[in-house]
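**Q** I would like to see how this sequence folds:
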Amino acid sequence: MTFEYAHKIKGSDGLEATVTLYRVDKTTYSSASNRLHFDCVGGDQFEAKVSPSQLKSRFVDKLINAFRFHPQWREHFRVFTHAHPVTELHYMNGLIGSVDLKLQPYVQALNDRGFPTMASCEGDAHPMGRPPFIKFVGAIPEALETVWNRLDWVNLDRTVIPLSIHGFTHEYRAIFLLILDDWLHDDLDMSAKRYRLSRSDLPLIPPFPPVNEPELKAHQKVVAKRAKRLNLKGSKASTFDDLVKLRSGRDSYTNMKLPALLEALAGDPEVAHLQRLIKSTPDLQRALRWRLRGLTLEIILRKYEVDQVLSRHAELKKQARTLPTTEA
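**A** Have a look, this model is predicted:
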């Protein structure tokens with residue numbers, strides 16, 4: 001895992017964070033994923049796992065923008081680090097320890113009945129939180145072990161933990177607590193049917209939310225900066241690759257048609273030149289949108305030429321695919 005970059009971001013809800021990209025080294029055989037880690041002012045942490053196919057600048061930029069401006073969507077990536085409230089746990093040998101508050105009556109009953117525990121965690125009541133668990137020193141109550149084995153929750157080291165289904169920690173935590181409560185009150189369903197959940201992992205990165213106004217404004221500032229950098233570079237120094245990579249994404253100009261564009265650019269002397277040089281309405285609309293984003297006439301015309309080349313190349317490839325094959 002190699003450190004790629006880190007930069008600071010701000011969100012419309014007061015979010016301030018440092019986002020760091022950690023990239024998996026392709027030469028290592030590891031199950032680790034590329035990760036975007038968000039370390040927020042105030043202590044909150046978030047982490048998004050990104051597949052190799054998603055590790056492209058446009059996708060990563062879109063993910064970071066969605067993270068910045070959609071607090072509810074952001075919760076899909078929360079990392080829980082805080083300690084749970086604890087209370088005293090009295091062992092049979094007279095020693096006193098501590099246990100998470102939610103688990104106290106159950107872990108205390110287990111220890112009182114001769115089933116000592118080594119460690120435990122109540123888990124988080126959050127879809128992406130930490131799962132609950134109990135680690136036993138030795139034997140597990142027979143009824144509990146039967147139910148947990150039927151759910152495949154018992155590990156070789158005597159740790160009992162719900163199956164990890166991404167996005168449903170809160171539901172499995174509730175079932176975990178229900179089983180313990182049923183055991184405490186001699187009401188266990190020994191068939192385990194009452195405790196079965198049928199869930200499939202949610203995607204590591206859920207669908208992006210609709211773009212909102214703060215996100216749109218922030219994105220347009222980024223596009224305007226890209227346009228300004230290309231203007232400073234000049235049309236002669238700008239490479240084919242520079243112009244191919246210049247993309248706007250969706251912004252407030254994307255859906256503007258010719259009448260609205262001409263109205264927005266009323267008084268701009270370059271509009272007449274663009275109308276004279278670009279005859280196709282769709283192409284002219286794209287050119288005028290770039291004018292609104294701040295590109296100079298020279299760069300717009302260079303970009304128009306590049307887009308024409310790419311369009312022609314794509315058309316030729318499409319024709320080649322549809323040509324009938326000839327037998328030798």
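
**Q** For the chain, which segments are assigned as helices?
**A** With helices called from DSSP state H, the chain shows them at 57-69, 71-74, 104-112, 142-150, 169-184, 213-233, 240-245, 258-264, 270-277, 281-292, 297-322.

**Q** can you pull the buried residues of the second one?
**A** Residues residue 74 are the ones in helix 71-74 that count as buried (16 or more other C-beta atoms under 10 Å). (C-beta placed from N, C-alpha, C; glycine too.)

**Q** can you check the third one too?
**A** Of the residues in helix 104-112, those scored as buried under the neighbour-count criterion (16+ other C-beta under 10 Å) are 104, 106-108, 110-111.

**Q** Quick check: nearest residue in space to the residue most central in space within the chain, chain neighbours excluded?
**A** What sits nearest the mean C-alpha location of the chain, by C-alpha atoms, centre = their mean, is residue 205, with 3.9 Å. Closest residue to residue 205 apart from its sequence neighbours, by C-beta to C-beta, 6 or more residues apart in numbering: residue 48 at 6.1 Å.

**Q** Return the residues in contact with the one you found.
**A** Residues near residue 48 by C-beta atoms under 8 Å, 6 or more residues apart in numbering: 35-36, 38, 63, 67, 76-77, 204-205.

**Q** Weed out the non-buried ones from these.
**A** By 16+ other C-beta under 10 Å, those give 35-36, 38, 63, 67, 76-77, 205 as buried.

**Q** quick one: which of those residues sit in strands?
**A** Among those, the residues falling in strands (DSSP state E) are 35-36, 38.

**Q** now these in TSV, with pLDDT?
**A** Putting these into TSV (pLDDT from 0 to 100) gives the following:
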residue	pLDDT
35	91
36	93
38	95
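
**Q** could the residues you listed be laid out in CSV, adding distance to residue 140?
**A** Below are those laid out as CSV (distance: C-beta to C-beta, whole Å):
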residue, distance to residue 140
35, 35
36, 39
38, 39
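
**Q** just those now: which is nearest residue 18?
**A** residue 38 (7.4 Å; C-beta to C-beta).

**Q** Would you check how far apart the closest one and residue 64 are?
**A** 9 Å (C-beta to C-beta, to the nearest Å).
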